[in-house]
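Undergrad: Provide a 3D model corresponding to the input given below.
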Amino acid sequence: MRAKILLVLLCPLALCGGLLALGRTVPVPYLGRDYVLTLRLPDPRGADDLPQIQGPMDRSRPLVVIDAGHGGRDPGASAGGVEEKQLVLALAQALRDRLLEEGGVRVAMTRDDDSFRILSERPEVARRIDADLFISIHADSSAEDSPVRGASIYTLSRKASSEAAARFAERENDADRLNGVDVADTDSQVSSILVELSQRRVQEKSEEFARLIMREGEGRLQFNPQPRRSAALAVLRAPDVPAVLYEAGFLTDPSDAARLVSPEGRRRFAETMARAIRIYFARQTPVG
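TA: Just a heads-up that it's a prediction; the model follows:
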């Protein structure tokens, strides 16, 4: 559980002393970050279901959560013997390994094996571990005679940017219901006005990151003719973590499928995405 309290006065000595006596820490915000105190309180759900954070021990280093879509009993799209859940896990692992190899960025994954997480848990994981960026990786399929191919990048929008985006959002959001899971609104106790303001700022940052992926991927990744999309995707709805969904390509397109399953294709994806991530974080770092 995470509670944010606006800094109006200095922390009373009694309160700070009490927290120290309980062995809790009060992270002090620094210039360029949100002016809030983050108090970690006991979570009735426990921490066993939170992923391992890899990389530098320094908690001031940025943290990115990589979400490999689907998994477990939910295979996602499939074509030619390739399942989406397997393909996107390989891409997620390649990106994680690249970031850890380059250093300076902390990384966590919503799943690192063939396990299943409901949609609402995925962005909630990012929130509970104070992530600075959330990337969900997916692949798609289309009719056999469809010429559609290439990668797309989705950011959150209340209204889908196109009919195709609307269909995609409906299909992805139905995953919980298809698996018989009732998804509760995790933000029901948060003021709708504050959530809207927070999401507006987060969406601006999400769109900034999406633009960086496009820029860094030019000439290296195969994009759809209309690569920038927006949709009301459940996995992007965290109100305080910038997030994108990267649709890596279409398993039903032979060239897309061959690229996505090849070591070279994974390498290009990981290098390009890692570079976009580092540029994004560099832009968020306060000058001086």
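Undergrad: Quick one: residues contacting Q86.
TA: With contact taken as C-beta atoms under 8 Å, 6 or more residues apart in numbering, Q86 is in contact with D114. From N, CA and C alone the C-beta is placed, and that goes for glycine too.
Undergrad: If we use 10 Å, what do you get?
TA: A68, H70, G71, P75, G76, S78, D114, A139, V261 (C-beta atoms under 10 Å, 6 or more residues apart in numbering).
Undergrad: Flag the shaky bits of the chain, pLDDT-wise.
TA: Within the chain, the segments meeting pLDDT under 70 span 1-48, 143-145, 158-199, 287-288.
Undergrad: one more time with 50
TA: Scanning the chain for pLDDT under 50 picks out the ranges 1-47, 160-161, 177-191.
Undergrad: now the helices: where do they sit in it?
TA: Along the chain, the stretches classed as helices by DSSP state H are 13-21, 84-102, 121-128, 163-173, 175-178, 192-217, 254-261, 263-284.
Undergrad: what's the closest of the ones you listed to D240?
TA: D240 lies closest to helix 192-217 among those, at 5.4 Å (C-beta to C-beta).
Undergrad: quick revisit: out of the helices of the chain, the one nearest Q226 is which?
TA: Taking C-beta to C-beta, helix 163-173 is the member of these nearest to Q226, at 8.4 Å.
Undergrad: To P147, which of the helices of the chain lies closest?
TA: Checking the helices of the chain against P147 by C-beta to C-beta gives helix 254-261 as the closest, at 11.0 Å.
Undergrad: quick check: angle from that closest one to helix 263-284?
TA: Relative orientation of helix 254-261 versus helix 263-284 (axes from the mean of the first three to the mean of the last three C-alpha atoms, to 10 degrees): 70 degrees.
Undergrad: Could you check the angle helix 254-261 makes with helix 84-102?
TA: For helix 254-261 against helix 84-102, the angle by the same axes, to 10 degrees is 50 degrees.
Undergrad: Next, the buried residues of helix 254-261.
TA: Of all the residues in helix 254-261, those buried under the rule 16 or more other C-beta atoms under 10 Å are D256, A257, R259, L260, V261.
Undergrad: So the fourth one is in contact with L87, correct?
TA: In this case it means L260. Yes. Between L260 and L87 a contact is recorded at 5.7 Å, counting by C-beta atoms under 10 Å.
Undergrad: list residues touching both of those two?
TA: Common neighbours of L260 and L87 (criterion: C-beta under 10 Å, 6+ apart): A139, A248, G249, L251, R266.
Undergrad: For those residues, could you give me TSV that also reports distance to P239 and neighbour count?
TA: Output for the shared contacts of L260 and L87, formatted as TSV (distance: C-beta to C-beta, whole Å; neighbours: other C-beta atoms under 10 Å):
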residue	distance to P239	neighbour count
A139	27	29
A248	26	25
G249	30	27
L251	32	24
R266	32	22
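Undergrad: quick one: which of the residues you listed sit in strands?
TA: Judged by DSSP state E, those include A139, A248, G249 as members of strands.
Undergrad: Let me have those residues in CSV, extended by distance to S60.
TA: Below are these laid out as CSV (distance: C-beta to C-beta, whole Å):
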residue, distance to S60
A139, 34
A248, 31
G249, 36
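Undergrad: For F223, state which of those is nearest.
TA: G249 (9.2 Å).
Undergrad: quick one: that closest one and I153 touch, right?
TA: No. G249 is beyond contact range of I153, at 12.0 Å (criterion: C-beta under 10 Å).
Undergrad: which phi and psi does P75 have?
TA: Main-chain dihedrals, P75, degrees, to the nearest 10: phi -80, psi -20.
Undergrad: mind listing what it touches?
TA: Residues in contact with P75 (C-beta under 10 Å, 6+ apart) are E83, E84, K85, Q86, D114.
Undergrad: repeat that for 7 Å
TA: P75 is in contact with E83, E84, K85, counting by C-beta atoms under 7 Å, 6 or more residues apart in numbering.
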